[in-house]
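Q: A predicted structure for the sequence below; I have some questions about it.
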Amino acid sequence: MSELQKFTSDVGVTFIASAIGMLLGFPITVLLGRYLGADDLGLYRMVNTIFGSLMLFVTIGVPAAIIKYVAEFRDNEEKIAQIVSAGLITSVLLGLFSFIFIYLSTNLFAKLFNMPELSGLLKILAFAFPFSIINSTLLGLLNGLREMTKNAWATIVQSTFLLIFTFLLVFKYGVNGAVTGIVLSSALTTLLLISVQKISKITFSNLYGAVVQIIDFGSKTVLANAINLINYQADILMIGYFMTKTDVGVYSVAVMFAKLIWIFPDSLQKITFPLISEYHAKKMSDSITTVVDRCMKYSCLFLTFFTTFFIFFGEKVVALIFGAEFELSYIPLIILLIGTLFYGITKSVGSIFASIGKVNLVYKIPLVSATFNIIINIVLIPTYGINGGALATSFSLIISMILMLHFMKSLLEIKFDFWWYFKIFGITMFLILVYLIIVNKYNILLGLVLMALQYVIFFRFFIPVEDKQILYKVISTNGRNY
């Protein structure tokens, strides 16, 4: 299998796993929204937000370091053994520390967000951190080795565990049961990953040097993760601070749908991070340029197509799935889609600066956009509520995109085919304009026809013949294997 076929296959496997994971996670949000209501959905969303936010800090960048160094030293088994052993030992210690810290700090979070119910929920959640940190490290190992099939299965199984435990526990224990599901799914996934990796021996050879190497790189990503957290989570956290848990619940639905379109660039980024790290170590600059160009263009096609879908049908989808209580989610959804679309194009290669060793840019770029994000959130949320939060987030994401393009061009001399993107957006805007002008009682049929036309145009005129041939070959090969 050629490198390009391997890349295409890995992306396909990762994308399918992410899609299945989202489909498995989607019923949880629907269940909590319909069965428990916006209040408890808001609490669960706040717990998840705090969980994800703290995970960025307590791992101190170990998973990212594992991905980078395992990819760079793929041909050196001794070095990989040292890196993995150091990463696992560090992860175990971080897991124990994080459990103690979070368990003792639950009242602080409850007071900060004026949500007394958070205290009990976070005490339950604290037990998930040791397992989740180890999971992240083991998944990083699979990612660095580009064993994406194993990585995909682990992701699917964890989502399946989470869905099963949530449905078993939520009807009797409510939101407490849903949070307990997070803990149990994390624990079982840890056992699965240890079994898959068959890690039977931990080497202490050069342990100190390997730990220092991991922490040196990983700690530099912590600041970047902290700032990216502001861009990704500041809106929910600040809506929770300025407004009510009901507003958080309604807004979380808009965020969920807006970030849904990132499924493809996120899948690409899992592959491009170790791949570009390997190419950079081998000084294959032309290959890096090719990867960046292809990933950004195909992300654009995917993101634009599904943004069009939510513009046409988003209001109906939200009302159908979550009910009338969540109809207010549609306007912030449309606002958020602007930012998630443009930033999502560069998100597919979002780890490029870490891959080439420019870790300072990993936090400096989002620092600029995060500054705008906080200021605009503070100004707009008290007056415009969740729509103001959406506008602030969208604006900050566009700033990140512009800065990423600038530094990719200046550092790697990558040339972007802006005329190609202009044509994509021009065609899409024309179709949306037609929809808005002609929309009537047959608007669902009209929307489907216009989206079918958009798909045909994209596939026929914007995907090279050689890429189509590779795609067909990969699908045929994988079909025979299964």
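A: Noted; the coordinates are in hand. Predicted model only: the values in this text are computed from it and were never measured. Numbers count the residues shown, from 1 in each chain.
Q: G144 reaches P63, doesn't it?
A: No: using CB atoms under 8 Å, G144 makes no contact with P63, being 9.4 Å away. The C-beta positions use only the backbone N, C-alpha and C, and glycine is treated the same way.
Q: Tell me which stretches of the stretch 101-250 of the chain form helices.
A: Secondary structure of the stretch 101-250 of the chain (DSSP state H, counting those that start in this stretch): helices located at 106-112, 118-125, 128-144, 148-173, 175-197, 207-242, 245-260.
Q: Among the ones you listed, which comes closest to D75?
A: Evaluated over the helices of the stretch 101-250 of the chain, closeness to D75 peaks at helix 128-144, with 12.6 Å, by CB to CB.
Q: List the buried residues of that closest one.
A: For helix 128-144, the neighbour count (16 or more other CB atoms under 10 Å) marks 128-144 as buried.
Q: just checking, what packs against that helix?
A: Using 3 or more CB pairs under 8 Å, 6 or more residues apart in numbering; DSSP states H and E, the elements in contact with helix 128-144 are helix 37-58, helix 62-72, helix 77-104, helix 148-173, helix 175-197, helix 263-281.
Q: So which of these is nearest Y330?
A: Of all the helices and strands packed on helix 128-144, helix 37-58 sits nearest to Y330, with 14.9 Å by CB to CB.
Q: Specify the angle between the closest one and helix 62-72 in degrees.
A: Put simply, helix 37-58 runs at 60 degrees to helix 62-72, going by axes from the mean of the first three to the mean of the last three CA atoms, to 10 degrees.
Q: Tell me where the stretch 51-200 of the chain is predicted with low confidence.
A: Scanning the stretch 51-200 of the chain for pLDDT under 70 picks out the ranges 197-200.
Q: Which residues does stretch 236-243 contact?
A: Residues outside stretch 236-243 that contact it (CB atoms under 8 Å, 6 or more residues apart in numbering): 42, 45-46, 49, 53, 112-115, 247-248, 251-252, 255, 374, 377-378, 381-382, 385-386, 389.
Q: give me phi/psi at F113?
A: phi -100, psi 10 (degrees, to the nearest 10).
Q: Just give the closest residue to it, not the sequence neighbours.
A: Nearest-residue entry for F113: G240, 5.1 Å, with adjacent residues in sequence omitted and distances by CB to CB, 6 or more residues apart in numbering.
Q: For stretch 424-440, C-alpha coordinates in CSV please.
A: Below are the C-alpha coordinates for stretch 424-440, written out as CSV (Å, rounded to 0.1, in the frame of the first residue of the first chain):
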residue,chain,number,x,y,z
ILE,A,424,-16.4,26.9,-3.3
PHE,A,425,-17.8,29.7,-1.2
GLY,A,426,-19.3,31.5,-4.2
ILE,A,427,-21.2,28.5,-5.4
THR,A,428,-22.4,27.8,-1.8
MET,A,429,-23.6,31.4,-1.3
PHE,A,430,-25.5,31.3,-4.6
LEU,A,431,-27.3,28.1,-3.6
ILE,A,432,-28.2,29.6,-0.2
LEU,A,433,-29.5,32.7,-1.8
VAL,A,434,-31.6,30.7,-4.2
TYR,A,435,-33.0,28.8,-1.2
LEU,A,436,-33.9,32.0,0.7
ILE,A,437,-35.6,33.6,-2.3
ILE,A,438,-37.6,30.6,-3.4
VAL,A,439,-38.3,29.1,0.0
ASN,A,440,-42.0,28.1,0.4
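Q: List the buried residues for it?
A: Under the neighbour-count criterion of 16+ other CB under 10 Å, stretch 424-440 has I424, I427, T428, L431, I432, Y435 buried.
Q: with those in mind, which one is nearest to K364?
A: I424 (29.3 Å).
Q: circling back to that earlier point, any chance of the buried residues of stretch 424-440 in TSV with pLDDT and secondary structure as columns?
A: TSV is the format used below for those (pLDDT from 0 to 100; DSSP: H, G, I helix; E, B strand; the rest coil):
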residue	pLDDT	secondary structure
I424	95	helix
I427	95	helix
T428	94	helix
L431	93	helix
I432	91	helix
Y435	89	helix
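Q: Find the residue at the geometric middle of this structure.
A: Centroid-nearest residue in the chain, with CA atoms, centre = their mean: D266, separated by 5.5 Å.
Q: show me what contacts I432?
A: Contacts of I432 (CB under 8 Å, 6+ apart): T308, I311.
Q: what's the closest non-adjacent residue to L122?
A: Leaving out its chain neighbours, the residue that sits closest to L122 by CB to CB, 6+ apart is T106, at 4.1 Å.
Q: any idea how far F310 is from T272?
A: Going from F310 to T272 by CB to CB, to the nearest Å gives 26 Å.
Q: the more surrounded of the two?
A: T272 (25 against 20; other CB atoms under 10 Å).
Q: And the more buried one, what's its pLDDT?
A: Model confidence at T272, given as pLDDT, is 84.
Q: Can you give me every residue that contacts it?
A: V291, C295, S348, V349, S351, I352, S355.
Q: how about 10 Å then?
A: 7, 11, 265, 279, 288, 291-292, 294-295, 348-352, 355 (CB atoms under 10 Å, 6 or more residues apart in numbering).
Q: Give me the nearest residue to it, chain neighbours excluded.
A: Residue nearest to T272 in three dimensions, not counting chain neighbours: V349, with 5.1 Å by CB to CB, 6+ apart.
Q: from memory that neighbour sits against S355, does it?
A: Yes: using CB atoms under 10 Å, V349 is in contact with S355, at 8.6 Å.
Q: Residues in contact with both of these two, list them for me.
A: With CB under 10 Å, 6+ apart, V349 and S355 have common neighbours T272, F273, L275, I276, I288.
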